[in-house]
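[1] sequence unavailable; structure follows:
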């Protein structure tokens with residue numbers, strides 16, 4: 001072989017190598033999965049968020065599905081829409097998708113991608129590989145965060161690692177493309193790469209991790225100091241779990257409250273009223289060891305308890321008088337709720353009777369619940385929020401952003417109510433609730449799929465055309481194995497007594513919003529189920545605990561604690577209870593239309609009385625417009641202060657000739673005895689020595705120099721009016737502590 005021939009062969013080999021190597025290199029590259037790799041980059045950079053291209057109408061002609069939950073639609077929008085102008089397969093780096101993302105071409109969203117980043121390189125590779133969707137790609141089944149829980153010191157840092165799991169058994173590190181959010185911002189912050197930075201606030205710092213519709217959480221436990229050597233004695237299982245965590249956190253609890261504080265606290269919480277003067281004196285003089293337990297049982301068996309909690313449930317169940325003709329139905333519905341509480345109807349029975357109610361309001365009062373709802377969607381959403389602690393409203397249009405529930409889950413649960421119909425009952429504004437014959441299914445208008453009834457995370461029940469699908473829903477919902485039903489009620493009642501739920505908000509129970517004390521939640525749920533959904537027994541377990549009976553006065557160590565129940569959290573009296581309490585102190589009544597003169601505000605059956613009482617309105621009594629307890633306004637306002645200070649309503653009650661001030665004026669007992677009684681009635685305690693001294697000096701100044709007779713009587717009357725006015729404006733009176 002000549003030299004020239006050898007050179008020719010060598011040149012040909014080089015040419016072949018230059019041609020084949022890129023092909024071999026591309027073949028060696030792993031294929032990029034659109035749903036598993038491209039969409040997460042768009043999500044991480046906010047491209048498909050509600051404020052950008054994920055909004056319902058898109059942004060500047062380019063639309064993506066919200067948070068990338070509909071990958072096939074996103075693929076069509078990116079690759080095939082607008083004549084394919086967003087992608088350049090011949091020159092991937094010149095694709096409009098990348099030019100906009102890097103802000104090389106003006107972009108309203110600014111720079112979202114760094115050309116030197118791994119994410120940018122992956123998008124280029126996907127385009128170079130031919131922009132495949134990958135219909136046979138493995139599907140994401142879940143994610144794990146590591147560590148999931150760790151004991152950390154104050155101001156510590158912790159790097160999280162997130163692993164995605166797929167249907168083919170493979171895993172992938174998705175730490176860089178996962179989304180992170182600290183639940184309690186005062187306790188922790190987290191950056192976009194999953195680095196958690198804690199503050200100096202002790203407790204549980206929870207971080208939510210999201211990746212393509214899957215969620216997980218990290219819990220960083222931050223002690224106040226070293227574990228406690230001693231913890232208070234436990235009265236029951238509630239204390240065992242609360243105090244165990246306080247011990248681990250090194251968070252000493254406050255001491256047990258005194259008898260007067262407990263009497264006032266538990267009477268307000270169970271019966272919705274102040275203790276009477278006789279009750280207070282008797283309780284404080286009682287030396288029996290079990291007197292607190294006896295008091296709890298007496299309050300639970302009282303009509304006051306049934307009326308108070310009937311009002312709570314009446315508001316939740318939207319017992320709203322939208323028209324004057326609704327009065328009969330509203331009253332009957334409220335009475336049905338009240339009687340159920342008075343008779344201690346098991347909670348699962350209460351829920352079943354409500355959800356499956358049919359007929360007319362005269363024979364079946366809970367059918368009044370259906371009057372509020374115009375669609376099956378609305379009925380399902382309230383059912384899920386009230387009884388399952390799950391807010392599904394978001395999932396009607398797209399995958400729930402913080403949960404695993406999809407649009408299909410939303411429509412499947414709605415289908416249980418798809419056969420509910422209304423017919424005229426013969427009585428004005430009162431419908432007859434009936435069940436239509438047919439299949440329990442609803443149309444998903446977006447996908448045009450007919451979705452059969454199915455519970456959340458469960459299998460479709462076998463239903464015939466003669467079956468009422470609501471019965472199947474109630475059976476699933478009230479089963480002991482249901483992960484939501486008992487937990488939601490336990491958490492709702494815990495918040496009623498403590499002002500904060502174990503899960504907060506109380507009706508938003510999800511994997512990404514974990515309980516502050518999981519062991520406590522589990523124990524309460526198990527006990528509630530073991531006692532056959534006995535709500536009174538649940539209240540006993542809560543209120544008999546030393547945890548509930550702790551003082552509201554924090555110590556130096558637990559003052560910043562807001563989630564571990566190391567002390568009682570004071571809470572403002574709700575509107576109805578406050579109005580009744582003011583009436584008790586001033587010995588006055590508030591007249592409500594079509595109600596007896598002595599009717600308590602907590603016993604009003606529906607929202608219609610708000611319009612006739614500025615007091616109830618300004619202090620936030622709900623209008624029953626939603627299934628959320630957040631509708632009740634608990635924040636303080638200037639209008640509230642001004643109303644108590646100088647409203648005509650308050651002044652008239654103070655000046656009433658039959659009111660407390662007038663009676664105290666004519667009472668011949670010594671002034672200090674009468675003042676003592678007012679402290680006992682309003683605050684549940686004896687006046688301190690300096691308080692009594694100041695009160696006596698105040699009355700003496702009022703009466704000084706006044707002539708015996710009308711002038712002195714008027715001065716005394718004015719003194720008692722001022723004293724009572726000051727009493728109802730103190731924070732100690734306005735709060736349950």
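    Structure's in. What do you need? This structure is a prediction, so every number in the text was calculated from the model and none was measured. Numbering: from 1, shown residues only.
[2] three-state assignment of the nearest residue to residue 42 once chain neighbours are set aside?
    Spatially, and ignoring its direct neighbours in sequence, residue 42 is nearest to residue 48 (5.2 Å; Cβ to Cβ, 6 or more residues apart in numbering). Yep, even glycine has a C-beta here, placed from its N, CA and C like the rest. What DSSP: H, G, I helix; E, B strand; the rest coil gives for residue 48 is coil.
[3] might you report the residue contacts of residue 48?
    For residue 48, the contact set (Cβ atoms under 8 Å, 6 or more residues apart in numbering) comprises 39, 42, 54, 64, 65, 66, 67, 68, 74.
[4] let's see 6 Å
    42, 54, 64, 67, 68 (Cβ atoms under 6 Å, 6 or more residues apart in numbering).
[5] tabulate the residues you listed (CSV), appending pLDDT.
    Converted to CSV, these look like this (pLDDT from 0 to 100):
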residue, pLDDT
42, 82
54, 72
64, 82
67, 73
68, 73
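[6] now, which of these sits nearest residue 172?
    The nearest member of these to residue 172, counting by Cβ to Cβ, is residue 68 at 16.0 Å.
[7] what's the closest one sitting at in phi/psi?
    Torsion angles at residue 68 (phi, psi; degrees, to the nearest 10) stand at phi 70, psi 30.
[8] tell me where the model's unsure across this protein.
    1-29, 82, 135-136, 394-403 (pLDDT under 70).
[9] if we can go back for a sec, can you redo the contacts of residue 48 as JSON lines with secondary structure and distance to residue 575?
    Listed next are the contacts of residue 48 as JSON lines, based on DSSP: H, G, I helix; E, B strand; the rest coil; distance: Cβ to Cβ, whole Å:
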{"residue": "42", "secondary structure": "helix", "distance to residue 575": "47"}
{"residue": "54", "secondary structure": "coil", "distance to residue 575": "40"}
{"residue": "64", "secondary structure": "coil", "distance to residue 575": "45"}
{"residue": "67", "secondary structure": "helix", "distance to residue 575": "39"}
{"residue": "68", "secondary structure": "helix", "distance to residue 575": "44"}
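[10] for PyMOL, what selects the buried ones among the residues you listed?
    Buried members of those, defined by 16 or more other Cβ atoms under 10 Å, are picked up in PyMOL with:
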select buried, resi 42+54+64+67+68
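[11] closest to residue 549 among the contacts of residue 48?
    Nearest to residue 549 among the contacts of residue 48, with distances taken as Cβ to Cβ, is residue 67, at 45.4 Å.
[12] and the gap between the closest one and residue 112?
    Counting by Cβ to Cβ, to the nearest Å, the gap from residue 67 to residue 112 is 15 Å.
[13] residue 612 too?
    Distance, residue 612 to residue 112, by Cβ to Cβ: 55 Å.
[14] ok, so of the contacts of residue 48, who is nearest residue 362?
    Nearest to residue 362 among the contacts of residue 48, with distances taken as Cβ to Cβ, is residue 67, at 48.0 Å.
[15] neighbour count winner among residue 612 and residue 112?
    The neighbour comparison of residue 612 against residue 112 (other Cβ atoms under 10 Å) goes to residue 112, with 19 against 12.
[16] ok, now which ones touch that one?
    With Cβ under 6 Å, 6+ apart, residue 112 has these contacts: 45, 101.
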